[in-house]
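Colleague: Predicted model and sequence follow; I will ask about them next.
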Amino acid sequence: MTAQGLAVLGTTVDLTLTGVVGARLAPTRVLATVPFSLIPVAAVVATFVWSRAIGRAGYRRAFAVAPAFAVAAGLVSARAVQLDLFWLFCVGTALVGVYQAGTGYYRYAAAESWPAARARAVSTVLAGGLVAALVGPFLATALAHTTATPYVASYLLVAAAGLAALAWNAFLPRGLAGLGRAPAAVAVPDAATADVARPTAALWRQPVLLGGVGAASLAAFAMMSMMTAGPLAGTDMGHSADQAALAVQLHMVGMYAPGFVVARWIGRFGERRVALLGTAVIVVAGAAAAVSPSMPAFLVAMTAVGVGWNLAFSGGSAMVAASYRPAERGRVQPVAELVTTTAQVAGALSAGALATRSGWPALGLAVALASLAVGSALSRSGRRQRRSRDIRRSAST
């Protein structure tokens, strides 16, 4: 939870400022969102590297190394801003993506450490970012003009958060070391033994796995596209920098505050229903962006997409974690992460062309339609599973 909070603290700097700084450094405005877009692109490339590292060395050793990329990212980004070098700034944001790819496995480590409370473990990890979500955007803007070159100190904050994470992760429980190779048995329905791997084709025919990846990918696409475009679109719609910072703060609160209750909801209503609720909230976010450029609608869109991300991502991640046995992790986790981070890339790249007053409604409509499609698929899959269970029960009686 602490490690997640430190990761989110650094991320909020990029969420809050990278679009604005990118616009200052980029040779043309069209390239303004490229630095932020490189974060998920680098995460896609790094996902399989982290998966292999975890498989060989275990979670604990991989997590002890990951924050070093945040330190490097902060220092490189700060230097790039100081020297007014767009290409070097892109290198710094790409390093953030490498770090994020590593921290993406925090939730899997938590789920495998507490298999009997998988949903609570995942949501608790995500909730660790709440404090960072509250203070991060304001720290980023408060530090922006404390140095001779604006924004240098803000990116040094990324390096400082990385240093703190390095120190914290160095003392993670030693029990995590074995999770990357031979974790304790996870209770999987209909599994005769937890250490027998099923064929890859059989794994990826599971509705629970496909639905979980779909929900997590939708959450990633919606959050990344609206978060990347939001600050720039907000200023184009006439909102001030302080109002944009408020929107980012509410967005981050929406992303992490539900973590304190979502595990209870998953336990009561099930992972799929919570993921479905997330898709419905994302529809609200997209609709708010599509119908009005006003400040209230802008705040609703940014906040709702954060809340929807938490619900859909938590529910989807719990569904994914429930779909595989320990011996199958290497054939599920990296692929699920690849699909999710690819959705982030698509969201970030689409935002580059839509980060204007005229493009914001189109982005909102696209997000709403994508969420409706995923929600509909989840609902149909759930109905089929319930019918199958009813048929099996009838046959057994």
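Modeller: Thanks, I have it.
Colleague: any weak-confidence spans in the stretch 1-150 of the chain?
Modeller: For the stretch 1-150 of the chain, the stretches flagged by pLDDT under 70 are 1, 110-133.
Colleague: buried residues in the helix ranked longest in the chain?
Modeller: For the chain, the helix reaching the highest residue count under DSSP state H is reported as helix 359-396. Using 16 or more other C-beta atoms under 10 Å as the test for burial, helix 359-396 gives 359-361, 363-364, 366-368, 370-371, 374-375, 377-378, 381-382. The C-beta positions use only the backbone N, C-alpha and C, and glycine is treated the same way.
Colleague: for stretch 31-51, same thing?
Modeller: For stretch 31-51, the neighbour count (16+ other C-beta under 10 Å) marks 31-44, 46-48, 50-51 as buried.
Colleague: still on that earlier bit, other SSEs contacting the longest helix of the chain?
Modeller: helix 207-236, helix 271-291, helix 295-321, helix 329-354 (3 or more C-beta pairs under 8 Å, 6 or more residues apart in numbering; DSSP states H and E).
Colleague: could you check the angle helix 271-291 makes with the first one?
Modeller: Taking axes from the mean of the first three to the mean of the last three C-alpha atoms, to 10 degrees, helix 207-236 and helix 271-291 form an angle of 20 degrees between their directions.
Colleague: So which elements touch helix 207-236?
Modeller: Under the contact criterion of 3+ C-beta pairs under 8 Å, 6+ apart, helix 207-236 touches helix 2-25, helix 34-57, helix 241-256, helix 271-291, helix 295-321, helix 329-354, helix 359-396.
Colleague: Reformat those helices as a markdown table; add distance to Leu156.
Modeller: Formatted as a markdown table, the helices and strands packed on helix 207-236 follow (distance: least, C-beta to C-beta, whole Å):
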| stretch | distance to Leu156 |
| --- | --- |
| helix 2-25 | 9 |
| helix 34-57 | 17 |
| helix 241-256 | 19 |
| helix 271-291 | 32 |
| helix 295-321 | 26 |
| helix 329-354 | 24 |
| helix 359-396 | 32 |
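Colleague: Any idea which of those helices gets closest to Ala159?
Modeller: Closest of the helices and strands packed on helix 207-236 to Ala159 is helix 2-25, at 8.3 Å (criterion: C-beta to C-beta).
Colleague: Go through the closest one and flag the buried ones.
Modeller: By neighbour count on 16+ other C-beta under 10 Å, the buried set for helix 2-25 is 3-23, 25.
Colleague: same thing with stretch 292-312?
Modeller: Buried residues in stretch 292-312 (16+ other C-beta under 10 Å): 292-293, 295, 297-312.
Colleague: rewinding a little: mean pLDDT lowest where, among the helices and strands packed on helix 359-396?
Modeller: Mean pLDDT values for those show the minimum at helix 329-354, a mean of 81.
Colleague: and it with helix 295-321, angle?
Modeller: Using the same axes, to 10 degrees: helix 329-354 against helix 295-321 is 160 degrees.
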